[in-house]
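Trainee: Take a look and give me a structure for this.
(one chain, ligands or ions: 2)
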Amino acid sequence: MKEVVLITGIGKRLGYALACDLLNKGFGVIGTYRSVYPALDKLRDRGADLYHVDFYQQENVNQFISQITLAYPSLRAIIHNASDWLPDASKGDNKEHSHAEIMHKMMNIHVAIPYQLNLAFQQQLEHCEPGPADIVHISDYVAEKGSKKHIAYAASKSAMNNLTLSFASLLAPKVKVNSLSPALLKFNEWDDEAYKKKALAKALLPIEAGFEEVIDAIHLILKSNYMTGRNLQLDGGRHIRS
Ligand SMILES: NC(=O)C1=CN([C@@H]2O[C@H](COP(=O)(O)OP(=O)(O)OC[C@H]3O[C@@H](n4cnc5c(N)ncnc54)[C@H](OP(=O)(O)O)[C@@H]3O)[C@@H](O)[C@H]2O)C=CC1
Ligand SMILES: Nc1nc2c(c(=O)[nH]1)N=C([C@H](O)[C@@H](O)CO)CN2
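Mentor: Ligands and ions are numbered 1, 2, ... in the order given. The predicted model follows:
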């Protein structure tokens with residue numbers, strides 16, 4: 001019987017890379033996606049079970065919970081990867097979202113969704129044999145430092161790290177719960193050279209870590225039988241540098 005891992009936000013970048021890695025290593029993969037990407041068909045062809053879920057639509061979330069509850073009696077792990085990285089619209093800017101909307105979205109995707117899925121799938125995680133199962137919250141270095149340009153995002157990632165403490169206590173010993181807090185993994189295609197230079201200079205190790213850094217850390221957590229309630233900071237020494 002394959003060990004099944006649920007990954008949120010599987011359509012691109014880290015979520016997609018992690019899904020490919022776990023499939024390569026013989027895991028079963030359940031994934032949620034919001035936007036449709038051609039790469040999703042590659043995951044389906046390899047047996048991934050994909051669900052179209054916009055976590056900002058509660059009815060989507062409720063339906064997803066019902067579907068997984070019916071289809072999966074046990075889960076090896078849940079990886080909370082889905083994330084929106086919205087800047088705080090400053091005064092006068094052409095605001096796509098109000099400040100209230102930005103904070104609501106950030107708290108929704110990084111806190112309310114992991115909270116709901118962890119409680120909804122608690123039994124499936126506890127039924128994992130031989131156990132223990134895992135929950136991994138993918139957070140961010142700025143959760144401990146703050147961010148003047150992503151205030152709501154950083155606050156929500158800090159709250160996500162608090163979920164790790166509460167769920168580690170609630171679910172032990174059948175389920176381990178940990179956070180991963182990367183700093184710079186991968187730029188986006190819209191990042192210009194000036195931004196990249198400034199971002200790289202913030203860490204003692206001035207590199208894009210790459211998604212493998214997180215994937216390797218997830219396997220370390222899955223293999224551990226003694227780490228729970230902790231936050232692995234994958235930040236290139238940024239906590240010293242800046
Ligand atoms: N990249 C980096 O350098 C760093 C990343 N991190 C964290 O690592 C994780 C992965 O990062 P990365 O791959 O760059 O993230 P991306 O922003 O590139 O991808 C996030 C994924 O989450 C999905 N998502 C966002 N909002 C929703 C929603 N409302 N409903 C459903 N799905 C949603 C996106 O879907 P869609 O494609 O539709 O937008 C996308 O697939 C994130 O948690 C991020 O905060 C932390 C530090 C650095
Ligand atoms: N959901 C996301 N969160 C974050 C991203 C991202 O692309 N999506 N990127 C970062 C990096 O620190 C950024 O500087 C590199 O573009 C942080 N969080």
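
Trainee: quick one, strands of the protein?
Mentor: In the chain, the strands defined using DSSP state E lie at 4-7, 28-33, 49-52, 77-80, 133-138, 175-182, 231-234.

Trainee: Relative to the fourth one, what are the paired strands and their orientations?
Mentor: When you say that, I think you mean strand 77-80. strand 4-7 (parallel), strand 133-138 (parallel) (DSSP bridges).

Trainee: is stretch 50-62 anywhere near ligand 1?
Mentor: Yes - interface with ligand 1: stretch 50-62 contributes Val53, Asp54, Phe55, Tyr56 (CB under 6 Å from any ligand atom). Every residue, glycine included, has its C-beta placed from N, CA and C.

Trainee: Just the buried ones from the residues you listed?
Mentor: When burial is judged by neighbour count using 16 or more other CB atoms under 10 Å, the buried members of the residues of stretch 50-62 next to ligand 1 are Val53, Phe55.

Trainee: Out of the residues of stretch 50-62 next to ligand 1, which sit inside helices?
Mentor: Among those, the subset assigned to helices under DSSP state H is empty.

Trainee: Out of the residues of stretch 50-62 next to ligand 1, which comes closest to Ser139?
Mentor: For Ser139, the closest of these turns out to be Phe55, at 16.5 Å, with distances computed as CB to CB.

Trainee: right, and the closest one touches Pro114 too?
Mentor: No - Phe55 lies out of contact with Pro114 (CB atoms under 8 Å); the separation is 9.8 Å.

Trainee: The spatially most central residue of the chain: what's it in contact with?
Mentor: Centroid-nearest residue in the chain, with CA atoms, centre = their mean: Asn81, separated by 1.8 Å. Shown in contact with Asn81 (CB atoms under 8 Å, 6 or more residues apart in numbering): Ile7, Thr8, Gly9, Ile10, Leu14, Gly15, Leu18, Ile138.

Trainee: from those, which two are the most distant?
Mentor: Pairwise across the contacts of Asn81, and taking CB to CB, the largest span is found between Ile10 and Ile138, at 12.5 Å.

Trainee: okay, the two: which has more neighbours?
Mentor: Comparing Ile10 with Ile138 by other CB atoms under 10 Å, the one with more neighbours is Ile10, at 30 against 27.

Trainee: What does the pLDDT read for that one?
Mentor: What the model reports for Ile10 is a pLDDT of 98.

Trainee: That'll do, ta.
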